[in-house]
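Undergrad: build me a structure from this.
(one chain, ligands or ions: 1)
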Amino acid sequence: MTDLLVHCDHVGRTYGRGERAVVALHDVTCAVRATDRIALTGPSGSGKSTLLQLMAGLDRSTSGTVTWPTWDGSPFGHPERAGVVFQEASLIPSLSAAENAAFPLLVQGVAADEARERAGDALDLLGVGAVASHEPDELSGGQAQRVAIARALATRPALLLADEPTGKLDSATGAHVVDLLLHACAEVGAGLVVATHDHAVARRMDRTWAIHDGELVTP
Ligand SMILES: Nc1ncnc2c1ncn2[C@@H]1O[C@H](COP(=O)(O)OP(=O)(O)OP(=O)(O)O)[C@@H](O)[C@H]1O
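TA: This is a model prediction of the structure:
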């Protein structure tokens with residue numbers, strides 16, 4: 001199907017070998033489409049981050065296959081295809097919000113003027129255009145996370161993968177960030193998968209995948 005962004009087919013991921021081997025994912029089959037808004041829930045250590053990293057192309061499965069049918073092979077070499085947001089905003093401290101948001105574009109080779117414009121648009125979309133010149137230590141936690149989301153969306157990814165994006169925020173700020181995340185993904189036409197422990201966040205998505213001991217219970 002043309003709108004299939006990523007397909008995991010009987011995917012497993014084992015860390016380490018022998019007696020120290022940890023089976024983080026086992027026989028996971030699932031697919032994400034451009035219109036999907038998926039919550040990935042499960043206890044700590046159940047494999048949520050591992051699955052997101054495989055979907056992002058940041059890690060490779062040890063069994064089964066992860067494919068990106070509408071892309072040319074995989075997200076490797078196609079950084080605009082998958083954007084990732086983590087629990088920590090992880091902004092570069094010496095750069096302003098605008099420079100942080102533009103940074104991946106510059107790495108991709110986008111011209112400075114265009115990078116600045118696209119970063120500015122993304123910051124506006126996330127409601128943090130007014131703090132574009134601020135450095136990370138001048139931002140609140142919610143603002144910093146919105147800048148991190150803007151940085152991911154400035155690359156115009158087809159798929160946004162967010163790992164506990166509200167984990168460090170109070171519930172009101174977290175709810176606001178989720179509102180903006182959903183709005184921004186709709187605006188740029190990106191699919192969304194959010195790993196979360198927060199039921200309030202999960203309820204905002206269209207459906208939930210529960211993962212337990214590395215197995216997807218409800219794909
Ligand atoms: N680099 C690694 N080396 C060894 N084991 C790892 C590594 N990364 C994760 N694991 C293990 O794989 C399992 C799944 O971890 P993962 O981080 O995917 O879980 P999670 O559901 O995202 O947890 P949390 O909610 O706490 O972030 C855990 O047992 C973890 O200890």
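
Undergrad: and the protein, which residues reach the ligand?
TA: 15, 16, 22, 24, 42, 44, 45, 46, 47, 48, 49, 50 (Cβ under 6 Å from any ligand atom). No exception for glycine: its C-beta is placed from N, CA and C like everyone else's.

Undergrad: hmm, 8 Å instead?
TA: 13, 15-16, 22-25, 42-53, 87, 163-164, 195, 197, 211, 214 (Cβ under 8 Å from any ligand atom).

Undergrad: need the residues that contact the helix ranked longest in the chain.
TA: Using DSSP state H, we find that the single longest helix of the chain is helix 171-188. Helix 171-188 has contacts (Cβ atoms under 8 Å, 6 or more residues apart in numbering) with 37, 122, 125-127, 140-142, 145-146, 149-150, 153, 156-157, 160, 162, 165-166, 169, 190-192, 194, 198, 200-201, 204.

Undergrad: could you rerun that using 6 Å?
TA: 125, 126, 127, 142, 145, 149, 153, 160, 166, 192, 201, 204 (Cβ atoms under 6 Å, 6 or more residues apart in numbering).

Undergrad: and if you look at stretch 10-24?
TA: 25-29, 47, 50, 61-64, 66, 214.

Undergrad: hmm, residue 54 is touching residue 66, no?
TA: Yes - with contact defined as Cβ atoms under 6 Å, residue 54 counts as touching residue 66 (5.2 Å).

Undergrad: which of the two has more neighbours?
TA: residue 54 (24 against 21; other Cβ atoms under 10 Å).

Undergrad: helix, strand or coil: sort out the more buried one for me.
TA: The three-state assignment at residue 54 reads helix, by DSSP: H, G, I helix; E, B strand; the rest coil.
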